[in-house]
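Chemist: Got a predicted structure plus its sequence, pasted below:
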Amino acid sequence: MVIEPSKPLTWDVHQQGTLSAKAAFDFIERLIKFEGRVKGVIMDVFANDDSASLTYSTEGSTKYTGDEIKTIVEKL
C-alpha cells in the first residue's frame with residue numbers, strides 16, 4: 001500500500017474499541033493535527049467514582065473534525 005500525502009486518507013475502522021481517557025484525548029489531538037474526520041462516534045463518559053455515566057453518539061453518516069469532537073467532549 002502506498003499513501004500519497006497530497007490525497008485524503010480514509011481509515012475504515014468499524015470499531016475502535018474501548019479507549020482510556022488519555023488514549024481518547026490523544027486520538028482527538030491526532031484528528032486535529034492530521035485534519036482527520038470521524039463518523040458514527042459513540043462516547044461513554046464515566047464519573048471518577050463510578051457514581052454516574054453518560055453515553056453520547058453522533059449521527060452515523062455525518063463526518064466530524066477533531067475540533068468538532070473536542071467541542072462535543074467539552075460540553076459533556
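Modeler: Received, thanks. Numbers count the residues shown, from 1 in each chain.
Chemist: Put the alpha carbons of the longest helix along the chain into CSV.
Modeler: With secondary structure taken from DSSP state H, the chain has its longest helix at helix 21-33. Provided in CSV are the C-alpha atoms of helix 21-33 (Å, rounded to 0.1, in the frame of the first residue of the first chain):
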residue,chain,number,x,y,z
ALA,A,21,-9.3,8.8,28.7
LYS,A,22,-5.7,9.6,27.7
ALA,A,23,-5.9,7.5,24.6
ALA,A,24,-9.2,9.0,23.6
PHE,A,25,-7.8,12.6,24.0
ASP,A,26,-4.6,11.6,22.2
PHE,A,27,-6.8,10.3,19.3
ILE,A,28,-8.7,13.6,19.2
GLU,A,29,-5.5,15.5,19.1
ARG,A,30,-4.2,13.4,16.2
LEU,A,31,-7.5,14.0,14.3
ILE,A,32,-6.9,17.8,14.8
LYS,A,33,-3.2,17.6,13.8
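Chemist: That one: what's the following helix or strand?
Modeler: strand 37-38 (DSSP states H and E).
Chemist: tilt between the one helix or strand Thr71 maps to and helix 21-33?
Modeler: Using DSSP H and E, Thr71 falls within helix 66-75. Here helix 66-75 runs at an angle of 140 degrees relative to helix 21-33 (axes from the mean of the first three to the mean of the last three Cα atoms, to 10 degrees).
Chemist: circling back: for the longest helix of the chain, what is the average pLDDT?
Modeler: Averaging pLDDT along helix 21-33 gives 90.
Chemist: May I see the buried residues of that helix?
Modeler: 24, 27-28, 31 (16 or more other Cβ atoms under 10 Å). All C-beta spots, glycine's among them, are computed from the backbone N, C-alpha and C.
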